[in-house]
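Enquirer: Next one to model:
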Amino acid sequence: MQLSNTPHDAFFRQVMVRKDLAQQFFHRFLPQDISKPADLSRIELAEGKHMSDQGVTLYNDLLYKCPLESGQDAYLFIMCEHQRTPYKHMCTRLMKYDVGVHEDCQRQEQRYMPIILHFVLYNGSLPWPYSTAFADYYADPVLGSKYLYMAPFTLIDIPTYLPADIENDPTLGFYFGAFKASTASDPYEAFAKHCQVNNFEQHVRGLPLDLKQVLSRYLGHFVDEKRHKLSDVIDLVSGEEAEKQTIMTSIAQVYQQQGMQQGMQQGMQSKALDIARNMLHQLHLGIEAIQQVTGLSKKEIEALRQSV
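Expert: Next up is the predicted model:
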């Protein structure tokens, strides 16, 4: 069941825009010489898109700003990299992003040059073989580093995470576990296997409702409909029937909104019937919930049910 053309990016953003989870992420991955003077309690999300002077969007991942003891700010850039194979020129791409940050700071007439740190979440199918340090791409790395300002980026290599690394993580385990499961031959079974570990299941079921909805939508994107229903995924994240219905309805509403947008030229009534049919036979929603989402009558929905 596909709800997004870019599910990895959407999941990454919907989780990492939460300040509490971003703080946990940076507590874990910031270099020590930055984590000590950094006041992570005061991080704030900076503008998500930076434009070059030519008006080209340089990136749309996440950039956080964090004050340091010295009085200047550090910019913490997180990129989600979901290409199937590693990107050899990642350092060059990050340098382009940095130019956008510097240009923004100049336009704001900030007193100091920004300190920028890079974090790359990689979840491809092949091991990451390239250096994270720009200087290593020179024939003489020592000479290259002498004339280079850019520090190595921090690589979060999700495919190398062991099950215990995920299952014993009380804050971001669901996040890394879902990313890793998305590339498995059976994403549902991969995530369900983590949930068989008691502390991981408690971690997932203790998430706030909005994160359960985000997690269910993300995993649901990869579920093989011939093997597992979306309701099976929701059973993993919640044990309460009322909450399950809320999650299902929220996913159905997203499905409806996207479907309606795609169907503007097809005729709204026809598209509403298509959406209702999918809600009946893929999402297994009740008639009242489908009425609320699509605006169809009970009689129309009953007719769809009887047609299969």
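Enquirer: Okay, and the closest residue to Ala151 other than its chain neighbours sits in which element?
Expert: By the measure of Cβ to Cβ, 6 or more residues apart in numbering, the closest residue to Ala151 outside its immediate chain neighbours is Leu117, 7.3 Å from it. Yep, even glycine has a C-beta here, placed from its N, CA and C like the rest. Taking DSSP states H and E as the criterion, Leu117 maps to strand 115-122.
Enquirer: Could you pull up the mean pLDDT of that strand?
Expert: Here strand 115-122 scores 91 as its mean pLDDT.
Enquirer: need the contact list for Ala46.
Expert: When contacts are counted by Cβ atoms under 8 Å, 6 or more residues apart in numbering, Ala46 touches 63-65, 75.
Enquirer: Select from these the one having the most neighbours.
Expert: Counting neighbours by other Cβ atoms under 10 Å, Tyr64 leads these with 24 neighbours.
Enquirer: Leaving out chain neighbours, which residue sits closest to that residue?
Expert: Spatially, and ignoring its direct neighbours in sequence, Tyr64 is nearest to Leu76 (4.4 Å; Cβ to Cβ, 6+ apart).
Enquirer: Bridging across strands, which residues link to the one you found?
Expert: In this structure, Leu76 has beta-bridge partners Tyr64, Leu117, where bridges are defined by DSSP bridges.
Enquirer: was I right about it contacting Cys66?
Expert: Yes. With contacts counted by Cβ atoms under 8 Å, Leu76 reaches Cys66, the gap being 5.9 Å.
Enquirer: intersection of neighbour lists for these two?
Expert: Common neighbours of Leu76 and Cys66 are listed as 26, 43 (criterion: Cβ under 8 Å, 6+ apart).
Enquirer: what's the burial count for Arg93?
Expert: 15.
Enquirer: Ok, the one 4 residues further on next?
Expert: With neighbours defined by other Cβ under 10 Å, the count for Tyr97 comes to 19.
Enquirer: Could I get the full set of strands for the stretch 1-150 of the chain?
Expert: Remark: strands of the stretch 1-150 of the chain, listed N- to C-terminal, are 44-45, 50-51, 57-59, 62-67, 73-81, 115-122; assignment by DSSP state E, counting those that start in this stretch.
Enquirer: quick one, which of the ones you listed is nearest to Phe29?
Expert: Distances from Phe29 to each of those were compared using Cβ to Cβ; the shortest belongs to strand 115-122, at 5.9 Å.
Enquirer: Pull the distance from the closest one to the chain's centre.
Expert: In this view, strand 115-122 has its centroid 15 Å away from the chain centroid, taken as Cα atoms, centre = their mean, to the nearest Å.
Enquirer: Make 25 the first number, not 1, from now on.
Expert: Renumbered: residue one is now 25, and that last one reads strand 139-146.
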